[in-house]
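Asker: take a look and give me a structure for this.
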Amino acid sequence: MCHEDQSGTGCRCQAGRMRGFVQPRLLLQLAQKSAHGYELMAAMDEGDDGQAPDPGTLYRTLRLLEEDGLVRSTWDTEGGGPARRVYALTDQGVEYLHAWATSIRGTRTRLDRFLAHYESRFPNHKGG
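Answerer: Numbers count the residues shown, from 1 in each chain. This is a model prediction of the structure:
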(Lines give C-alpha, C1' and ligand atoms only; values in the text may rest on other atoms or scores of the structure.)
Protein backbone atom coordinates (compact mmCIF):
# COMPACT_ATOMS: atom_id res chain seq x y z
CA MET A 1 0.00 0.00 0.00
CA CYS A 2 1.34 3.42 -0.88
CA HIS A 3 1.77 6.04 1.79
CA GLU A 4 1.06 9.73 1.61
CA ASP A 5 3.91 12.12 2.11
CA GLN A 6 4.03 14.35 5.18
CA SER A 7 2.09 17.14 3.46
CA GLY A 8 -0.80 14.78 2.69
CA THR A 9 -0.58 15.57 -1.03
CA GLY A 10 -0.41 12.01 -2.27
CA CYS A 11 1.70 8.95 -2.76
CA ARG A 12 5.41 9.56 -2.44
CA CYS A 13 6.45 6.36 -4.24
CA GLN A 14 4.79 7.35 -7.54
CA ALA A 15 4.28 3.68 -8.39
CA GLY A 16 2.85 3.25 -11.85
CA ARG A 17 4.25 6.50 -13.20
CA MET A 18 6.54 6.36 -16.20
CA ARG A 19 8.72 9.42 -16.03
CA GLY A 20 10.50 10.80 -19.05
CA PHE A 21 8.26 9.15 -21.60
CA VAL A 22 7.18 12.41 -23.27
CA GLN A 23 10.12 12.50 -25.69
CA PRO A 24 9.55 9.15 -27.41
CA ARG A 25 5.81 9.73 -27.57
CA LEU A 26 6.32 13.11 -29.25
CA LEU A 27 8.90 11.72 -31.66
CA LEU A 28 6.63 8.83 -32.63
CA GLN A 29 3.72 11.21 -33.16
CA LEU A 30 5.87 13.42 -35.37
CA ALA A 31 7.05 10.34 -37.29
CA GLN A 32 3.42 9.94 -38.36
CA LYS A 33 3.00 13.54 -39.46
CA SER A 34 4.18 17.07 -38.85
CA ALA A 35 1.97 18.96 -36.43
CA HIS A 36 1.65 22.05 -34.29
CA GLY A 37 1.63 21.88 -30.50
CA TYR A 38 -2.14 21.76 -30.06
CA GLU A 39 -2.43 18.88 -32.55
CA LEU A 40 0.32 17.00 -30.73
CA MET A 41 -1.40 17.56 -27.39
CA ALA A 42 -4.73 16.30 -28.74
CA ALA A 43 -3.15 13.27 -30.41
CA MET A 44 -1.27 12.31 -27.26
CA ASP A 45 -4.43 12.78 -25.21
CA GLU A 46 -6.21 10.30 -27.48
CA GLY A 47 -3.23 7.93 -27.67
CA ASP A 48 -2.59 4.61 -26.01
CA ASP A 49 -2.41 5.86 -22.45
CA GLY A 50 -4.70 8.86 -22.91
CA GLN A 51 -2.43 11.21 -20.99
CA ALA A 52 -1.06 14.23 -22.76
CA PRO A 53 1.64 16.16 -20.91
CA ASP A 54 0.71 19.57 -19.62
CA PRO A 55 1.27 22.34 -22.21
CA GLY A 56 4.36 23.68 -20.44
CA THR A 57 6.05 20.28 -20.51
CA LEU A 58 5.05 19.69 -24.12
CA TYR A 59 6.42 22.98 -25.44
CA ARG A 60 9.55 22.83 -23.27
CA THR A 61 10.24 19.32 -24.59
CA LEU A 62 9.66 20.41 -28.19
CA ARG A 63 12.07 23.32 -27.73
CA LEU A 64 14.75 21.01 -26.30
CA LEU A 65 14.22 18.49 -29.10
CA GLU A 66 14.64 21.30 -31.60
CA GLU A 67 17.80 22.58 -29.89
CA ASP A 68 19.20 19.04 -30.16
CA GLY A 69 18.35 18.86 -33.88
CA LEU A 70 15.79 16.09 -33.44
CA VAL A 71 12.85 18.18 -34.65
CA ARG A 72 12.60 21.36 -36.69
CA SER A 73 9.85 23.91 -36.74
CA THR A 74 8.49 26.36 -39.26
CA TRP A 75 5.85 29.02 -38.94
CA ASP A 76 2.48 28.28 -40.50
CA THR A 77 0.93 31.61 -41.50
CA GLU A 78 -1.73 30.14 -43.80
CA GLY A 79 -5.39 30.37 -42.93
CA GLY A 80 -7.08 32.47 -40.32
CA GLY A 81 -5.76 33.15 -36.87
CA PRO A 82 -2.30 33.68 -35.53
CA ALA A 83 0.79 32.00 -36.94
CA ARG A 84 1.57 28.60 -35.43
CA ARG A 85 4.78 26.63 -35.19
CA VAL A 86 4.61 23.33 -37.04
CA TYR A 87 7.04 20.68 -35.84
CA ALA A 88 8.59 17.95 -38.00
CA LEU A 89 10.91 15.06 -37.23
CA THR A 90 14.45 15.28 -38.63
CA ASP A 91 16.58 12.35 -39.80
CA GLN A 92 18.51 12.64 -36.55
CA GLY A 93 15.17 12.50 -34.70
CA VAL A 94 14.30 9.25 -36.48
CA GLU A 95 17.60 7.75 -35.33
CA TYR A 96 16.93 8.95 -31.78
CA LEU A 97 13.46 7.39 -31.91
CA HIS A 98 15.06 4.08 -32.95
CA ALA A 99 17.40 4.37 -29.95
CA TRP A 100 14.40 4.98 -27.68
CA ALA A 101 12.68 1.86 -29.04
CA THR A 102 15.79 -0.22 -28.34
CA SER A 103 15.98 1.15 -24.81
CA ILE A 104 12.26 0.53 -24.21
CA ARG A 105 12.62 -3.08 -25.40
CA GLY A 106 15.41 -3.58 -22.86
CA THR A 107 13.31 -2.01 -20.13
CA ARG A 108 10.36 -4.23 -21.05
CA THR A 109 12.59 -7.31 -20.72
CA ARG A 110 13.75 -6.19 -17.26
CA LEU A 111 10.17 -5.41 -16.23
CA ASP A 112 8.98 -8.83 -17.41
CA ARG A 113 11.71 -10.48 -15.31
CA PHE A 114 10.75 -8.37 -12.30
CA LEU A 115 7.07 -9.26 -12.66
CA ALA A 116 7.81 -12.97 -13.05
CA HIS A 117 9.90 -12.88 -9.87
CA TYR A 118 7.27 -10.80 -8.06
CA GLU A 119 4.43 -13.11 -9.12
CA SER A 120 6.38 -16.19 -8.00
CA ARG A 121 6.79 -14.56 -4.59
CA PHE A 122 3.20 -13.24 -4.35
CA PRO A 123 1.11 -15.63 -6.51
CA ASN A 124 -2.23 -14.72 -4.94
CA HIS A 125 -1.87 -10.94 -5.06
CA LYS A 126 -4.27 -9.42 -7.55
CA GLY A 127 -3.17 -5.79 -7.42
CA GLY A 128 -4.90 -3.30 -9.65
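
Asker: and the strand or helix carrying Arg63, how far from the chain's centre?
Answerer: With elements delineated by DSSP states H and E, Arg63 resides in helix 55-67, which encompasses its position. A distance of 12 Å separates the centroid of the chain from that of helix 55-67, by Cα atoms, centre = their mean, to the nearest Å.

Asker: and the following helix or strand past that helix, what does it pack onto?
Answerer: Toward the C-terminal end, the helix or strand that comes next after helix 55-67 (DSSP H and E) is strand 71-76. Applying 3 or more Cβ pairs under 8 Å, 6 or more residues apart in numbering; DSSP states H and E, we find strand 71-76 packed against helix 22-32, helix 55-67, strand 84-89. All C-beta atoms are positioned from the backbone trio N, CA, C, and that covers glycine.

Asker: tell me which of these lies nearest to Pro123.
Answerer: Evaluated with Cβ to Cβ, the helices and strands packed on strand 71-76 place helix 22-32 nearest to Pro123, the distance being 33.2 Å.

Asker: in the closest one, which residues are buried?
Answerer: Using 16 or more other Cβ atoms under 10 Å as the burial criterion, the residues of helix 22-32 that qualify are Val22, Gln23, Pro24, Arg25, Leu26, Leu27, Leu28, Gln29, Leu30.
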